[in-house]
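Peer 1: this one's structure only:
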């Protein structure tokens, strides 16, 4: 089996989708602002190295207790589907298309399923609570998740905006591409 491998945020979508998703939810449900003190405290603890990235991310997504995360993800992508970079077209790919992202899987799945992505890997997060199962899907964790799901897959191409943090993922592919300013280099 052969596949092409993609990061998502700033690779296929121009922004950090989790932050954009939070802002979208805040506009739709302003009452989630009540979670801001917990989110800020999580950020402070992360920057003081008292929280891991996974712990911080759980604190940040505590607002999911006040919204229907899956419904909001669908609405978010209805509004933002046109922001996906035009060069990304999985339906025209001649091999499997795999997206592996640190963003919550429930949040990116609606758009990626519509676009025809074969395998979607993201941070495993409960869309009702923000609780993460396992670790945040970043760096070496991406490779671990990829190998769990696709143990015998050969990766032809890998795409990312950040060759430093995605170096472990890029190492899986024969060809490596960097995305800058919406263009593949």
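Peer 2: Alright, I've got the coordinates. Since the model is a prediction, treat every value here as computed from it, not as a measurement.
Peer 1: give the contact list for the nearest residue to residue 122 once chain neighbours are set aside.
Peer 2: Leaving aside its sequence neighbours, residue 122 sits nearest to residue 105 (CB to CB, 6 or more residues apart in numbering; 3.4 Å). For every residue, glycine as well, the C-beta is placed using N, CA and C. With contacts defined as CB atoms under 8 Å, 6 or more residues apart in numbering, residue 105 is in contact with 120, 121, 122, 123, 124, 125, 137.
Peer 1: Go ahead and confirm the fourth one touches residue 137.
Peer 2: Yes - in this structure, residue 123 sits in contact with residue 137. The criterion is CB atoms under 8 Å, and the distance is 4.5 Å.
Peer 1: Overlap in contacts, those two.
Peer 2: Overlap between the contact sets of residue 123 and residue 137, as judged by CB under 8 Å, 6+ apart, is given by 101, 102, 105.
Peer 1: all helices of the protein, in order?
Peer 2: Using DSSP state H, the helices found in the chain span residues 17-28, 36-47, 53-60, 69-80, 105-115, 140-149, 167-170.
Peer 1: any chance of these in CSV, with mean pLDDT and distance to residue 96 too?
Peer 2: Supplementary listing: those in CSV, determined by pLDDT from 0 to 100; distance: least, CB to CB, whole Å:
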stretch, mean pLDDT, distance to residue 96
helix 17-28, 98, 22
helix 36-47, 97, 34
helix 53-60, 97, 28
helix 69-80, 98, 22
helix 105-115, 98, 13
helix 140-149, 97, 11
helix 167-170, 98, 15
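Peer 1: Could you check how far the closest residue to residue 93 other than its chain neighbours is from residue 129?
Peer 2: Closest residue to residue 93 in three dimensions, ignoring its sequence neighbours and counting by CB to CB, 6+ apart: residue 4, at 6.1 Å. Here the criterion is CB to CB, to the nearest Å. By it, residue 4 lies 33 Å from residue 129.
Peer 1: Report the contact partners of residue 121.
Peer 2: Contact partners of residue 121, counting by CB under 8 Å, 6+ apart, are 98, 99, 100, 101, 105, 137, 142, 145, 146, 149.
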